[in-house]
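[1] structure for this input, please:
(2 chains)
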Amino acid sequence: MENAQTAVHQGHAEPTFSTKTIWRTFWILLIITCIELTIGMFIAPHFHSLKILFNILYIFLTLIKAFYIVAEFMHLRHELKNLLMTIIVPLFLFVWFIGAFLWDGNSYKNLRNDYDRYKKEQSGVKVAQPAHGSGEHDAKKPGEKE
Amino acid sequence: MATAVPVEQKWWSGGRSPFNIEYGKLMMWYFLMSDAFTFGAFLISYGTIRFSSNSWPDPNVVFSSFPFMGSAHLPLVFVSLMTFILIMSSVTMVLAVGAGHNNDKAGVMKWMIWTIIGGLAFLGCQAWEWTHLYHQNAWWGMNPFINADGTQATTNFTNFFFTITGFHGFHVFSGVIINIIMLIMTYKGVFDKRGHYNMIEKAGLYWHFVDLVWVFVFTCFYLF
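    Residues are numbered from 1 along each chain as shown, chains lettered A, B, ... in the order given. Below you'll find the model as predicted:
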C-alpha cells in the first residue's frame, strides 16, 4: 500500500521506471531459466524416480518468474491495491481448475488401467523408435531412456 | 483535512479514482486476464490428457536439435535460445515504456525497434523448430516419437504441442504487428502531439503477457 499512497500523493500514478530495477529483473529471470535448464538437461534425466519432485520444483521456479514479469515488467506491483485485487483474485479460479482437471485425468487413467484389459496390455508393449523422415535423427537411441 | 498521516483512504466513497489508471490500460489488463484463462484452459486440457496417459514422449529426446548442428544431441539448447530472446525483448520493451515516460521519442523508437527485432527472431526460431519437426513427420495427427517408457505414443503429444505453441506464436505475431504500428505512430509524432506515450505502455502490457505465457508453455512442454 505504501507504493500506492505515494503515487496518489504525487497526484497521478506515474510509475517511475528505473533502469536498475529492469536489469535486476532481467538477471533474476535469466538465472532462474538457467537453473531450470540445468536441472532439465543434466540432473533430472539421472533421477527418473524423483520426476514428480523436479516437476514441483519447476512449477515453483515458474511461478517466481511469473511474479517478476507481472510485478516489475508489467508494473502491477506499483498499481493501486484495488486494481491489483480485481486482476489477481479471479485468477485463483485456477487453483480449482488445475486441481479438479488433473485429478480427473489421473482417475481416468487408473480406471482404464483397471478395467480396460486391452489398454493395459498395450501399455506394456515396447516399440522401436521409427526412423525419421529427414534421417537427421537416426542417432537417437530408443533404449537410452530407461 | 491537512492531517499529516491519512487515517484511512476512502477509495470507494467518491471524489477520487479508485483504480487511478487510464481506461484503455485497465481494459488491456482485463483483456489479458481473460486471455490468461484461454491459455490456462489449453494448458490444463493438455495436463489432463497427460495425466490420463500411462506414458508420454521425453522432451529431452524430442527437442534435441539445433540449426546447422546436424544430428548432434543438444537437448533443450534451442528452446533456451528462444526463451532468452523473448526475455530480452521484454527488457527492451520496458526500456521503451521507460523512455516514453520521459517523452524521449528517439529512445522509444530505438527500444521499439529492438523489441520488434526480438519478436521476429523468436518467430523465426519457432518457424525453424516447426519445420524441423515437420520434416521428422511430426504434425497435427502425426507423431513419430515414442513414449519415454518405450511404448507407442498417441498423437496427443503433437496435437497439443502444435496447437498451444501455435496459439502462442500467433500472439507473438500479433504483438509484433502492434509494436510495428506503435513504432510508426511514434515516428509520425502522434504521441508527441498527445503529450503522453500511454499507448506504448498498453502495447508493452500485451508484449509482457506474451512473455509470461511463454514461461508457462516452456515449463509445460519442455521441462515436464
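
[2] can you show me the CA trace of the helix or strand of chain B with the lowest mean pLDDT as CSV?
    Ranking every helix and strand in chain B by mean pLDDT, DSSP states H and E puts helix B:59-62 at the bottom, with a mean of 88. Coordinates of each C-alpha in helix B:59-62 appear next as CSV, following Å, rounded to 0.1, in the frame of the first residue of the first chain:
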residue,chain,number,x,y,z
PRO,B,59,11.2,-33.7,-24.2
ASN,B,60,14.9,-34.3,-23.9
VAL,B,61,14.7,-36.6,-26.8
VAL,B,62,12.1,-34.7,-28.9
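
[3] where are the low-confidence patches of chain A?
    Chain A contains residues with pLDDT under 70 at A:1-16, A:130-146.

[4] and the helices in the chain, which stretches?
    With no chain named, the answer covers chain A. Ranges of helices within chain A are A:2-9, A:19-38, A:51-68, A:81-91, A:93-115, A:117-122, based on DSSP state H.

[5] that was the other one, I meant chain B.
    Counting by DSSP H, one finds helices in chain B at the ranges B:23-51, B:59-62, B:77-101, B:105-135, B:156-187, B:190-194, B:198-218.

[6] of all these, which lies closest to A:Ile59?
    helix B:198-218 (9.7 Å; C-beta to C-beta). In this view, the C-beta of every residue, glycine as well, is placed from N, C-alpha and C.

[7] report how many residues lie close to the closest residue to B:Tyr46 other than its chain neighbours.
    Using C-beta to C-beta, 6 or more residues apart in numbering or on different chains and skipping residues adjacent in sequence, the residue nearest B:Tyr46 is B:Phe160, 4.4 Å away. When neighbours are counted by other C-beta atoms under 10 Å in any protein chain shown, B:Phe160 registers 20.

[8] cool, A:Val125 as well?
    A:Val125, neighbours per other C-beta under 10 Å, totals 9.

[9] residue contacts, it?
    Counting by C-beta atoms under 8 Å, 6 or more residues apart in numbering or on different chains, A:Val125 makes contact with B:Thr151, B:Gln152.

[10] one more time with 10 Å
    B:Gly150, B:Thr151, B:Gln152 (C-beta atoms under 10 Å, 6 or more residues apart in numbering or on different chains).

[11] phi, psi for it please.
    When quoted as degrees, to the nearest 10, the phi and psi of A:Val125 stand at phi -90, psi 120.

[12] how about low-confidence regions in chain B?
    Using pLDDT under 70, the flagged stretches of chain B are B:1-7.

[13] gap between the closest residue to A:Ile43 other than its chain neighbours and A:Pro45?
    Among residues not flanking A:Ile43 along the chain, A:Phe54 sits closest, at 7.8 Å (C-beta to C-beta, 6+ apart). For A:Phe54, the distance to A:Pro45 equals 10 Å [C-beta to C-beta, to the nearest Å].

[14] who touches both of these two?
    Joint contacts of A:Phe54 and A:Pro45 (C-beta under 10 Å, 6+ apart) are A:Ile39.

[15] also near chain A: which of the contacts of A:Val125, exactly?
    B:Gly150, B:Thr151, B:Gln152 (C-beta under 10 Å from any C-beta of the partner chain).

[16] check contacts around the last one.
    Taking C-beta under 10 Å, 6+ apart as the contact definition, B:Gln152 lies against A:Gln122, A:Ser123, A:Val125, A:Lys126, A:Val127, A:Pro130, B:Ser55, B:Asn143, B:Ile146.
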